[in-house]
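Novice: What follows is a predicted structure for the sequence shown.
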Amino acid sequence: MKRTLCTGLMLMLLLVLLAGCGEKEVITDLSQLESKIFAVPTGTVADELVLSKFPNAEFQYYNTVLDCALAVKSEKADAAAYDEPILKNIAAKNSGLKVLPDMITYDNYGFAVELTNEELKKVIDEVVSELKADGTYDDMMSRWLPETGDPAPMPEIELTGTKGTLKYGTAAITEPFSFIDGSQKEVGFDIELAMYIAQRLEMDLEIMNLDFGGLIPALTSGKVDMIGACITITEERAKSVLFSEPYYVGGIAALVRE
């Protein structure tokens with residue numbers, strides 16, 4: 001009888017221990033990601049940026065950012081690393097995921113014009129400053145980056161076009177900043193901002209959807225007047241283009257299970 005009781009207690013203890021071993025660590029702070037497995041999109045520098053903070057990190061590579069997020073949700077990876085607003089957009093539309101408040105790296109996003117186009121840069125800076133002052137910028141942020149669900153529809157912004165057309169280059173793969181909606185139109189935070197700039201200039205806006213790597217060449221060759229698509233302001237890029245003042249502080253963030 002004693003042997004049976006002891007055996008039963010040992011089995012119960014073993015089951016408890018095994019259950020404890022199966023539980024995944026709940027990640028609430030960036031410091032917990034040291035030596036963890038990160039899911040990153042193939043062909044990006046996200047892995048290099050993660051290594052700058054976590055030199056012992058391991059990586060899994062996926063074709064898209066959404067695939068990275070799904071790898072985290074299915075517990076194949078501990079975190080996904082990519083641009084903060086894009087990860088926030090994914091987390092808002094997929095329950096059980098969250099973006100940690102502290103970021104791996106911090107970057108400033110800006111619009112860019114040709115090096116000699118000081119006049120257009122000035123207009124961009126003035127428009128962004130005024131949108132922040134009158135509350136429009138905060139309204140844009142709440143619409144394009146809601147805590148849950150999809151971004152709100154693109155608002156109607158009237159453009160007169162009396163002074164010509166502003167050619168705007170973007171890469172419509174950076175939802176919610178620049179992407180293609182259900183009606184196959186380019187929309188997003190950056191698109192709306194570009195429309196306000198065109199409105200100030202009394203111009204129409206022609207949107208040219210390009211590969212991200214082709215944005216700066218399109219600008220320097222005169223194919224477009226202005227570019228924007230979560231473009232990080234860097235010293236190297238500033239040798240070729242003239243950046244506006246930063247309109248958004250982003251960077252590489254970590255998406256984890258909630």
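Specialist: Right, received. Where do you want to start?

Novice: If you count neighbours, what's buried in stretch 236-243?
Specialist: Buried residues in stretch 236-243, counted by 16 or more other Cβ atoms under 10 Å: Val241, Leu242, Phe243. Any C-beta I mention is one placed from the backbone N, CA and C, and that applies to glycine too.

Novice: Stretch 43-50 now?
Specialist: Across stretch 43-50, burial judged by 16+ other Cβ under 10 Å covers Ala46, Asp47, Leu49, Val50.

Novice: Contacts for the helix or strand containing the third one next, please.
Specialist: So that's Leu49. Applying DSSP states H and E as the criterion places Leu49 in helix 46-53. Identification of contacts with helix 46-53 by Cβ atoms under 8 Å, 6 or more residues apart in numbering yields Phe38, Val40, Ala57, Phe59, Tyr61, Ala81, Tyr82, Ile104, Thr105, Ile252.

Novice: Tell me who's in contact with the third one.
Specialist: Which is Ala57. Leu33, Glu34, Ser35, Lys36, Ile37, Phe38, Val50, Leu51.

Novice: partners of Ile207 in the sheet?
Specialist: Tyr168 (DSSP bridges).

Novice: I'd guessed Ala218 sits against Asn209; true?
Specialist: No: counting by Cβ atoms under 8 Å, Ala218 stays clear of Asn209, with 10.9 Å between them.

Novice: Which of the helices and strands in the protein ranks last by mean pLDDT?
Specialist: The least trusted helix or strand in the chain, going by mean pLDDT, DSSP states H and E, turns out to be helix 2-22, with a mean of 49.

Novice: What does Gln32 show for phi and psi?
Specialist: phi -70, psi -10 (degrees, to the nearest 10).

Novice: and Ala254, that one's in a helix?
Specialist: No: going by DSSP: H, G, I helix; E, B strand; the rest coil, the assignment for Ala254 is strand, not a helix.

Novice: Alright, I will stop here.
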